[in-house]
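[1] got a predicted structure plus its sequence, pasted below:
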Amino acid sequence: MNSTEDMKSTEVAVLLDNNVNKYNPGIQTFRLQSTGGLQSNTRGVYQQGISTNNLLNEDKSFVTGNVYKASVVRLRLPREVTINFPTKFIPVGTRFIVSYNSGDPTKPVIVGREYEADGY
């Protein structure tokens, strides 16, 4: 994904939380296939220090903090999308369609569910 042109398409998010109630889905954990690739479904958040080796500034004290990395994202699962699911609880691995508000890659929104050939 190199530009906002790439963000005009939809992506697939795989549900990682178990037994999500379709009547009250709330915020759930997903793995975006486009950004996660073949990474595992781990929910771990990894902390990495910020390297200042490439900065030419003499005073590097303004660079503080850490970078936090994860292979998952937490998104609001709209009731409008889940209400037609055939069972009360949505299982792990269910695939949802994600779009981006105004093409902004920092604002993914679930807009639908991916249906399989058998209708589920």
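    Cool, the structure landed. Residues are numbered from 1 along each chain as shown.
[2] now residue 81: phi and psi?
    With angles defined as degrees, to the nearest 10, residue 81 sits at phi -80, psi -40.
[3] let's have the chain start at 504 instead
    Understood, numbering begins at 504; the last thing we discussed is residue 584.
[4] which SSE is residue 556 in?
    When secondary structure is defined by DSSP states H and E, residue 556 falls outside every helix and strand.
[5] can you map out the strands along this protein?
    514-518, 523-524, 530-535, 548-552, 569-573, 576-579, 592-593, 598-603, 611-616 (DSSP state E).
[6] which outside residues touch the second one?
    With contact meaning C-beta atoms under 8 Å, 6 or more residues apart in numbering, strand 523-524 is reached by 529, 531, 580, 585, 591-593. For the C-beta atoms, the positions are set from N, CA and C on the backbone; glycine is no exception.
[7] list the strands paired with it, with their directions.
    Applying DSSP bridges, strand 523-524 is found paired with strand 592-593 (antiparallel).
[8] mean confidence score for the partner strand?
    Per-residue pLDDT over strand 592-593 has a mean of 94.
[9] show me what that strand is in contact with.
    Residues from elsewhere that reach strand 592-593 (C-beta under 8 Å, 6+ apart): 518, 522-525, 528, 585.
[10] repeat the analysis, applying 10 Å as the threshold.
    518, 520-526, 528, 531, 580, 584-585, 599, 616 (C-beta atoms under 10 Å, 6 or more residues apart in numbering).
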